[in-house]
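>>> What follows is a protein structure lacking sequence information:
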């Protein structure tokens, strides 16, 4: 059943998205969405995982994944709590972080690939595999180091035990109704007003209950774009805005106040993801407009402080920046303790595929609610996955295929390998 | 004068220090001190720079440095403020941080190599090159993004202008008296009591005014080692302790209180370098024992918050973890604004060589004082440098050779290249 891992392959996969200005925002004008990709095999099943990057440097990220091979290849990986901690605690590799940036994202790719493999072996989608684990098993997956002042194993157990009643009913409900999505597709900065208006209307027609606009490059443009979106969507419809770290604290407050007549549902990444106190200052100044962040938050220690200072009203975990499923369980538990809803970051390559599992696990086994929670949805690059997300009428359908939905089609991998795949040779 | 850069070479250099237990602490039991090393040439002079790592992963770090080649090779690099910001603002590479971990350390190596080259071209040691720049030139080197709420360019100018009178006298004084050092050599965890006692005595005999002990592996051992050091050094002699991030907040407070009868001069890295609020909580609980940190602080944004919360009484900048000289000027200015003394982290490979220049610049042109300030000194691996530090009677002598003292001997590079250099082929 738990065979040692027999192969460990990595791929530098890049999509030439900069040609279309999909994904353009105030900080990232020309991303080439990329995956530093790993495939593990135990001889029977494969596990797929990746770190998401936006182009240059994806080779470095791939090399960092390869550095973790000794923790996996030829190893018994049946205890995923133990394997995860061994990688994070490697004292020499830890120096390159600690627990942040390239090396930490590499751990996320490997940890997530191991979970993909485990879920396939057990014949379940990952969300259901997690949702059916006992509170004790889940707590064993978490590294409580540096968060013990806010969350002890005992408190984590208590949160999970409180959610045990009703798990079966919530699994049924999820399979029936899905999980609410919101769409960022209308809001990229590179689009003109007509395209914005058309895409807002399409989002409404498609049944989405929330949209998001990128902001932060030019205030007059943002006021005009926000007015257009508000006109199309109507009063009261949730329109979030996302500055992608463009501002300093003072500029953030100034800019958000200028947009406040259009009632942003939340303001995302107003400043540096490292600036906990800056986020808290902004949150106090712009209240009651809520602050959201997380896609660039490096680990559970920064999330802990964002929660301690009440800096964020929405926590936007990322599936592949912190150390994968295990660290995200810690983050879900911290958010639950502070009563802050988790609305994951997605988009990029395959991030929608991954985060749906985490939100669904949160609903079934951690918080027991979908209220005031949405998963980001961006409608590109899903065709490259063997089990792509299904978003209908503004909800993510619950995945039923075994695994973490992380597997890219072999022909997509072959076509987009950088720099020698046909897509890149031709460009 | 400002020729374009004509060559860009990288080397993965590692020293097998784990064999001797030099450098062993509570988190890093077996480091192989390493340098991801870069050599630039403009055809006349060379600039050397490096990121310090402790072994595994030095290849990844070296690859990250190579990714910056397009910003340097064939480029006019006469404006070091501009080149530094171009590298930090590369939107695709930024995704791998932002401004943290492997990619940020890579920028430090390249920025520092450019400064080494510039100082050699101008025939001055780096500290003196910086000390003789105008306040306006210095401010142009700084990226104020994300620190503008605490330090504006105008405030930075004011700090630097206030220090202008007396610069010439302070340069003379520095050349005459040097800058105070402290030594960590007695305190590594791998040493037995007899070696500790002997090395403490040697430190006193060598004229050091402060020593430091590694702690955090075992409390009873630490109490005994601290008692021995106190016996040898006498009441009132500054003995700092360093936990290298070993503790959670609660454990830190408990442990430090148990060691408080031996009056630690400061407590270094009590917990995660990311935990600003944790440091602040510890600082309040253990007062008046001061907290120090910095060697793993990823960038100026975290330092800003450590200062805002009064979490640290000593700021321990690192020459090669943040983005090199430029970001360290920002950090020196922030520390000056908050009145917190800077006592740099050193040791490793070549870090003593680098930080001496930053402290001496701070003395001449930023704070104008050496009071309550010391530079860490560890007595290994200096023999591999062409202009090694000179520490005599407990002070760093001011370097007089042109450059940043960053250049390793060619025969040392050749011998220690990993994995094909003779040192590694034989082991």
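All right, it came through fine. Please read all numbers here as calculations on a predicted model, not as lab measurements. Numbering: from 1, shown residues only, chains lettered A, B, ... in the order given.
>>> Measure how buried the closest residue to residue A:419 other than its chain neighbours is and give me the count.
Leaving aside its sequence neighbours, residue A:419 sits nearest to residue A:425 (Cβ to Cβ, 6 or more residues apart in numbering or on different chains; 7.7 Å). Quick note: C-beta positions are derived from backbone N, CA and C, even for glycine. Number of residues near residue A:425 (other Cβ atoms under 10 Å in any protein chain shown) recorded here: 8.
>>> Whichever residue of the stretch 51-200 of chain A sits closest to chain B: what's it in contact with?
In the stretch 51-200 of chain A, the residue that lies nearest chain B is residue A:101 (2.1 Å; Cβ to the nearest Cβ). Shown in contact with residue A:101 (Cβ atoms under 8 Å, 6 or more residues apart in numbering or on different chains): A:298, B:96-97, B:100-104, B:298.
>>> can you do 7 Å?
A:298, B:96-97, B:100-103 (Cβ atoms under 7 Å, 6 or more residues apart in numbering or on different chains).
>>> for residue A:279, same thing?
A:271, A:291, A:293, A:306, A:311-312.
>>> hmm, 8 Å instead?
A:270-271, A:291, A:293, A:306, A:309, A:311-312.
>>> and those near chain B, which?
A:271, A:309 (Cβ under 8 Å from any Cβ of the partner chain).
>>> Mind giving me the PyMOL command for buried ones among the contacts of residue A:279?
Applying 16 or more other Cβ atoms under 10 Å in any protein chain shown to the contacts of residue A:279, the buried members can be selected in PyMOL as follows:
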select buried, chain A and resi 270+271+291+293+306+309+311+312
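>>> Contacts only, for residue A:90.
Here residue A:90 is in contact with A:71, B:56 (Cβ under 8 Å, 6+ apart).
>>> Can you check the pLDDT for it?
Listed pLDDT for residue A:90 reads 96.
>>> swap in residue A:191?
87.
>>> Go ahead and confirm it touches residue A:198.
No: assessed by Cβ atoms under 8 Å, residue A:191 is found out of contact with residue A:198, at 9.2 Å.
>>> Between those two, which has more neighbouring residues?
It is residue A:191, of residue A:191 and residue A:198, that has more neighbours when counted by other Cβ under 10 Å, with 20 against 14.
>>> quick one: the more buried one from residue A:229, how far?
11 Å (Cβ to Cβ, to the nearest Å).
>>> before we move on, back to that, in strands, which of the contacts of residue A:279 fall?
Among these, the members found in strands (DSSP state E) are A:291, A:293.
>>> between the contacts of residue A:279, which is closest to residue A:407?
Residue A:407 has its nearest neighbour among those in residue A:293, at 29.5 Å by Cβ to Cβ.
>>> Run through the residues that contact the closest one.
A:268-270, A:273, A:279, A:306, A:311-312, A:315-316.
>>> and these as TSV, adding pLDDT and distance to residue B:399?
Output for the contacts of residue A:293, formatted as TSV (pLDDT from 0 to 100; distance: Cβ to Cβ, whole Å):
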residue	pLDDT	distance to residue B:399
A:268	98	47
A:269	98	43
A:270	98	43
A:273	98	38
A:279	98	42
A:306	98	43
A:311	98	44
A:312	98	47
A:315	98	49
A:316	98	48
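>>> of these, closest to chain B?
For the contacts of residue A:293, the nearest to chain B is residue A:273 (7.2 Å; Cβ to the nearest Cβ).
>>> what's the helix or strand for that closest one?
Assigned by DSSP states H and E, residue A:273 belongs to neither a helix nor a strand.
>>> wait, what's in contact with it?
Contacts of residue A:273 (Cβ under 8 Å, 6+ apart): A:245, A:293-298, A:302, B:98.
>>> ok, and the most crowded of these?
Of the contacts of residue A:273, with other Cβ under 10 Å as the count, residue A:293 tops at 29 neighbours.
>>> Now do residue A:369: how many residues are near it, please.
Neighbours of residue A:369 (other Cβ under 10 Å): 12.
>>> dump the residue contacts of the closest residue to chain B within the stretch 301-427 of chain A.
Closest residue of the stretch 301-427 of chain A to chain B, Cβ to the nearest Cβ: residue A:301 (4.3 Å). Listed by Cβ under 8 Å, 6+ apart, the contact set of residue A:301 reads A:99, A:146-147, B:272, B:274-275, B:278.
>>> Get me the contact residues on the stretch 151-300 of chain A for chain B.
A:245, A:248-251, A:271-278, A:281, A:296, A:298-299.
>>> Swap in 6 Å and give it another go.
A:248-249, A:272, A:274-275, A:277 (Cβ under 6 Å from any Cβ of the partner chain).
>>> So which residues of the stretch 151-300 of chain A form strands?
Taking DSSP state E, counting those that start in this stretch, the strands of the stretch 151-300 of chain A run over residues A:179-187, A:211-214, A:239-242, A:267-268, A:291-293.
>>> contact partners of the fourth one?
Outside strand A:267-268, the residues that touch it by Cβ atoms under 6 Å, 6 or more residues apart in numbering or on different chains are A:241-242, A:256, A:291-292.
>>> picking up where we left off before, so the residue of the stretch 301-427 of chain A closest to chain B belongs to a helix, correct?
Yes: applying DSSP: H, G, I helix; E, B strand; the rest coil, one finds residue A:301 inside a helix.
>>> Identify the spatial nearest neighbour of residue A:177, chain neighbours not counted.
Residue A:177 sits nearest to residue A:395 (Cβ to Cβ, 6+ apart), 6.8 Å away.
>>> Per-residue confidence, the one you found, what does it come out as?
At residue A:395, pLDDT is 98.
>>> again, but for residue A:121
96.
>>> From the chain's centroid, how far away is the longest helix seen in chain A?
Ranked by residue count under DSSP state H, the longest helix found in chain A is helix A:101-121. On the basis of Cα atoms, centre = their mean, to the nearest Å, helix A:101-121 sits 14 Å off its chain's mean C-alpha point.
>>> Measure how it sits relative to helix B:101-122, angle-wise.
Orientation of helix A:101-121 against helix B:101-122 (axes from the mean of the first three to the mean of the last three Cα atoms, to 10 degrees) gives an angle of 160 degrees.
>>> so where's the stretch 1-150 of chain A uncertain?
Applying pLDDT under 70 to the stretch 1-150 of chain A flags the ranges A:1-2, A:21-23.
>>> Hmm, I typed the wrong one, I wanted the stretch 151-300 of chain A.
Looking at the stretch 151-300 of chain A by pLDDT under 70, you get an empty list.
>>> what about the helices in it?
A:153-162, A:167-177, A:193-205, A:219-233, A:249-259, A:276-286, A:300-308 (DSSP state H, counting those that start in this stretch).
>>> Out of those helices, which one sits most buried?
helix A:300-308 (a mean of 25; mean count of other Cβ atoms under 10 Å in any protein chain shown).
>>> outside of whichever helix or strand comes after that helix, which residues touch it?
Per DSSP H and E, the first helix or strand lying C-terminal to helix A:300-308 is strand A:314-315. For strand A:314-315, the surrounding residues in contact (Cβ under 6 Å, 6+ apart) are A:266, A:292, A:294, A:335, A:340-343.
>>> For the most centrally placed residue in chain A, which three-state class applies?
Closest to where the C-alpha atoms of chain A average out (Cα atoms, centre = their mean) is residue A:318, at 2.6 Å. Under the three-state scheme (three-state DSSP), the conformation of residue A:318 reads as coil.
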